[in-house]
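Q: Any chance you can model this:
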Amino acid sequence: MFSSSGPPGPEDIRRLYDAVAPLLLRITARIAGSSEAAEDIVHDAFARLVEKAIPFPTIDDAKYWLIRVAKNGALNYAKRKGREAKAYERWWRGEKESSGGADEVVLRSESAEELKRGLESLPEGLKAVLVLKEYGGLNYKEIGRALGISEGNVKVRAFRAREALFAKLGEGSKNVS
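A: Residues are numbered from 1 along each chain as shown. Sure, this is the predicted structure:
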């Protein structure tokens, strides 16, 4: 187990990696939308753990620190990818307009894609709770520790996130015929 007398040693890091990496990969893959990016993000989180050499009293403290670091890394990656996609889309529209391309019919996407877009449109605080709950398999107490908020606040955010998601999905299905 970890000791408060010093930074974690190589055997502590290996044990922590074996215990936490699958969870971190699930969470970051869902947020980032890419399993390859998730692997890089989790690797970076463990590299920061080793680099900072923070003495954690328990393996759980290290786990929740890693969840925070990996979640933030995945959110940053997703934001960067979103900005890149928007820039490409603006460029593509400009190319189509200049070439005089015909309008294409917009088809209704599958419900999984619709759900993903709805989830992406939620504010980060609400989205993080749902991702950790549904894709990370964490309970409310664990989510609270990972996000640095109370368990009650997690429950409120989860409720609001689900309400907002259902409302967004309802709007989408009304507008698409």
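Q: When you work out contacts or count neighbours from here on, use the C-alpha atoms and nothing else.
A: Noted.
Q: what stretches of this structure score poorly on pLDDT?
A: The chain contains residues with pLDDT under 70 at 1-6, 88, 91-112, 171-177.
Q: Helices along that one, start to end?
A: Using DSSP state H, the helices of the chain run over 10-32, 35-52, 59-99, 111-121, 124-130, 140-147, 151-175.
Q: Let's have these in CSV, adding mean neighbour count.
A: As requested, the helices of the chain are exported to CSV (neighbours: other C-alpha atoms under 10 Å):
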stretch, mean neighbour count
helix 10-32, 19
helix 35-52, 17
helix 59-99, 16
helix 111-121, 15
helix 124-130, 20
helix 140-147, 19
helix 151-175, 15
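Q: nearest spatial neighbour of residue 55, skipping sequence neighbours?
A: In space, not counting the residues next to it along the chain, residue 55 is nearest to residue 7; the distance is 4.2 Å by C-alpha to C-alpha, 6 or more residues apart in numbering.
Q: Identify the residues contacting the one you found.
A: Residues near residue 7 by C-alpha atoms under 8 Å, 6 or more residues apart in numbering: 53, 54, 55, 56.
Q: hmm, which of the residues you listed are the buried ones?
A: If you count burial by 16 or more other C-alpha atoms under 10 Å, the buried members of the contacts of residue 7 come out as 55, 56.
Q: Could you single out the nearest of the contacts of residue 7 to residue 69?
A: residue 54 (13.3 Å; C-alpha to C-alpha).
Q: Now the closest one: phi and psi?
A: phi -80, psi 130 (degrees, to the nearest 10).
Q: Burial check on residue 122, number of neighbours?
A: The tally of other residues near residue 122 (other C-alpha atoms under 10 Å) stands at 18.
Q: Hmm, it is touching residue 163, no?
A: No - assessed by C-alpha atoms under 8 Å, residue 122 is found out of contact with residue 163, at 10.6 Å.
Q: Overlap in contacts, those two.
A: Counting by C-alpha under 8 Å, 6+ apart, no residue touches both residue 122 and residue 163.
Q: And the residue nearest the centre of the chain, how close does it get to residue 55?
A: With distances taken as C-alpha atoms, centre = their mean, the residue of the chain nearest its centroid is residue 31 (2.8 Å). To residue 55, residue 31 is 28 Å away according to C-alpha to C-alpha, to the nearest Å.
Q: Equivalent analysis for residue 77, please.
A: Separation of residue 77 from residue 55 (C-alpha to C-alpha): 28 Å.
Q: correct me, but residue 62 touches residue 50?
A: No - using C-alpha under 8 Å, residue 62 is not in contact with residue 50; the gap is 11.1 Å.
Q: quick one, domains of this structure?
A: What automatic domain parsing lists as the domains of the chain is 1-104, 108-177.
Q: Can you give the distance of the longest one from its chain's centre?
A: Okay, so that is domain 1-104. 8 Å (C-alpha atoms, centre = their mean, to the nearest Å).
Q: Perfect, that will be all.
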